[in-house]
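**Q** need coordinates for the below:
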Amino acid sequence: MSKEPGFSNFSVNKILSNHQSSLDQARIRLLYYGLGIVFVGLAALLSNVYYQHQPILTATAAILLVATVVFFKWLTYRPDWRTISHGLLVLGTLVNLVDIFVTLQTVNIIAIQMVILIIIFSFYMLGQKSGIVYSIINLVPVLAFLIIQYNDYYFISFIKPEQVDQSTIIIAVFANFILLIYIHSHFYNAFYSNIQQLKKTSEDQTQLNIQLNAAMGKAEKSSQAKSEFLSIMSHEIRTPLNAVIGMSNLLLMSNPRHDQKENLEILKFSASNLLALVNDVLDFNKIESGKVVFEHVSLNLDDLMQNICGGQKIKAEEKGLTFKVDVDSRLRSKIVFGDPTRITQIIFNLVNNAIKFTKEGHIWVRVSCVEDRHNIITVNFAVKDTGIGIEKDNLDTIFEPFAQESISTTRQYGGTGLGLAIIKRLLELQGLKMNVASKPGVGSEFSFNMEFPVSTEVISPRIESTNAPIYNPNDHISAMRVLIAEDNMVNVMLMKKLFSKWNIVPTIAENGERAVELVQYGNFDIILMDLQMPVMNGFDAATEIRKMPDPRKANIPIIALTASALFDIRERVFNSGMNDYVAKPFKPIELFEKMQHLVEPVL
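**A** Model prediction:
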């Protein structure tokens, strides 16, 4: 279908286009074929009145015939059906009123038919508003004429009314009836087709909704299966890693020889790298699923940065790099609200990358206050290195998952390529953007701004406290009565060896049901509960313990031991009544501090 038909066009197909609605196409077809019917009727009428020597009617019929040809040509050249419809209605109204008031000076059946035609045509072609306007314009003068004629004989002295013979009436009435029938028939078919099309569209939409619901159901099941798979694989991978790292920690705590210590550190380093890889994959999946919840807890940025960079500084210095942490002095006395876990994750990844890709030189970590509005501060975090740098064309690529600057970079430095992808997603979820300035062979600088609400709390001067938890095997924690619910024998052996360093002999339950029984008939100060066990899992066991009638037993502190990667694991742990959780493989100091925090020291 051509969008620009030529002047010589006479085909209706060339003035129809796909962007027109079915109703508009029906209107164009009505004009096209309707003007043809009108042309035939007017030609017959013109011949009849001409041979009867009726000059006014002859002139009127000739004008209408010429106008019909003009409108038809206009339609086939520029199919502006709305303007053409207005033109036809205005012309038809004028001719009909002139015939009533001047030419015939009476209201006959032809005039009534013309009024009906104009009303129907205006509503179908132009809608309700235009239909009402044209109805009033035609009905009011006709009614006024009939009232005048009823009260007094209507007569124009200087114009003699022409008489219409029966043949003229027959031709006009027949042509008008044909037009009326055609208009109704045409629009009935158009409306019926439109209704059928809407019905088919509705049925198709229903089928699509059914298919969409089925696809959504499959997607939900797939997502659930994916989460369960990750949880199982996480548990299966973390469990042996827990044993490897745990045993490495125990052996390192046993004052090994220098050569043994070196081998153990290599073993621990390799296991830790594997654990970091697993954590990166799980963290990225968690972020992509949109299930990251940001905490809003009080923290001091100076303390947080020192904690993050403390271990990294040793790692950098072992590589011969100069490592410097510079925290704005204005931030050292402020307590702000934020998510220390996510800040740690972002800064740790950036610093880790800086150390990895820098052979020699310096690494700077800078935290500066760029705007202080008393209750809200804007802080700029920046990590700069003198490493290999990044090509300008690759600055966007490095933030894609599983991507590094080049294949040679991956081969030389290793890694999954998820670190920067995780950082980017974490910042985007908070409406933040990472800025990168880099030059190959010179180094790179990664920076971003983050806003923090400021607490009214003031940091007290740091005083060494003798009551602070100290990682000491000879501490009074040795008198603690500990129940461990764990089904994996390797983990049981590891826990026993670890607790022997603290002079604790724990009680072991091989499943959740056995743990509940031991609590019922024994006395414990704390329970370490594995979550995935046979017979009864850790969640159900914790729930049963919280239901016990003895309040002392029902309120025993419970720490969950989990190697799971399910995103809602923390919420499920607390909902089941447990006090805290430690992810496997855990650090002995972390477990030690949590146990001390939850249990009053036994003197």
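**Q** what sits up against stretch 156-171?
**A** Contacts of stretch 156-171 with the rest of the structure, by C-beta atoms under 8 Å, 6 or more residues apart in numbering, involve 41, 44-45, 48-49, 52, 54, 56-57, 102-106, 108-110. No exception for glycine: its C-beta is placed from N, CA and C like everyone else's.
**Q** could you do stretch 237-251 as well?
**A** Stretch 237-251 is contacted from outside by 260, 264, 267-268, 271-272, 274-275, 278, 488, 490-491, 494, 497-498, 501, 563, 583-588, using C-beta under 8 Å, 6+ apart.
**Q** now that stretch - C-alpha only, PDB.
**A** Extracted in PDB, the C-alpha atoms of stretch 237-251 (Å, rounded to 0.1, in the frame of the first residue of the first chain):
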ATOM      1  CA  ILE A 237      32.000 -27.000  48.700                       C
ATOM      2  CA  ARG A 238      32.200 -25.100  51.900                       C
ATOM      3  CA  THR A 239      32.100 -28.200  54.100                       C
ATOM      4  CA  PRO A 240      35.400 -29.700  52.900                       C
ATOM      5  CA  LEU A 241      36.800 -26.100  52.700                       C
ATOM      6  CA  ASN A 242      35.800 -25.700  56.300                       C
ATOM      7  CA  ALA A 243      37.800 -28.800  57.200                       C
ATOM      8  CA  VAL A 244      40.800 -27.700  55.200                       C
ATOM      9  CA  ILE A 245      40.900 -24.100  56.500                       C
ATOM     10  CA  GLY A 246      40.000 -25.200  60.000                       C
ATOM     11  CA  MET A 247      42.700 -27.800  60.200                       C
ATOM     12  CA  SER A 248      45.200 -25.400  58.700                       C
ATOM     13  CA  ASN A 249      44.300 -22.900  61.500                       C
ATOM     14  CA  LEU A 250      44.600 -25.600  64.200                       C
ATOM     15  CA  LEU A 251      48.000 -26.700  62.900                       C
END
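**Q** still on that earlier bit, which of the contacts of stretch 156-171 fall in strands?
**A** For the contacts of stretch 156-171, not one is inside strands, with DSSP state E as the criterion.
**Q** just the buried ones among the residues you listed, please.
**A** 41, 44-45, 48-49, 54, 56-57, 103-106, 110 (16 or more other C-beta atoms under 10 Å).
**Q** any chance of a markdown table for those, columns pLDDT and distance to residue 312?
**A** What follows is those, written out as a markdown table (pLDDT from 0 to 100; distance: C-beta to C-beta, whole Å):
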| residue | pLDDT | distance to residue 312 |
| --- | --- | --- |
| 41 | 89 | 95 |
| 44 | 90 | 100 |
| 45 | 88 | 100 |
| 48 | 89 | 105 |
| 49 | 87 | 105 |
| 54 | 84 | 108 |
| 56 | 85 | 104 |
| 57 | 86 | 103 |
| 103 | 84 | 103 |
| 104 | 83 | 104 |
| 105 | 83 | 106 |
| 106 | 86 | 105 |
| 110 | 88 | 99 |
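**Q** so what strands line up beside whichever helix or strand residue 508 is part of?
**A** If you go by DSSP states H and E, residue 508 is part of strand 507-509. Here strand 507-509 is paired, per DSSP bridges, with strand 482-485 (parallel).
**Q** alpha carbons only: can I get the strand it pairs with in PDB?
**A** Taking Å, rounded to 0.1, in the frame of the first residue of the first chain, the C-alpha atoms of strand 482-485 are listed here in PDB:
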ATOM      1  CA  VAL A 482      28.800 -26.400  74.800                       C
ATOM      2  CA  LEU A 483      26.400 -28.500  72.700                       C
ATOM      3  CA  ILE A 484      27.400 -29.000  69.000                       C
ATOM      4  CA  ALA A 485      24.700 -30.300  66.600                       C
END
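**Q** can you map out the strands along this structure?
**A** All strands of the chain, identified by DSSP E, fall at 297-299, 322-327, 334-338, 362-372, 376-385, 435-439, 443-458, 482-485, 507-509, 526-530, 558-562, 580-583.
**Q** confidence score at residue 289?
**A** As predicted, residue 289 sits at a pLDDT of 63.
**Q** residue 314 versus residue 443, what's the distance?
**A** Note on residue 443: its distance to residue 314, by C-beta to C-beta, to the nearest Å, is 21 Å.
**Q** burial count for residue 398?
**A** Here the count is done by other C-beta atoms under 10 Å, and residue 398 has 21 residues near it.
**Q** since we're on residue 492, how many residues are nearby?
**A** A total of 17 residues lie near residue 492 under the criterion other C-beta under 10 Å.
**Q** verify the stated contact: it with residue 499.
**A** No. No contact is recorded between residue 492 and residue 499 when judged using C-beta atoms under 8 Å, the distance being 10.7 Å.
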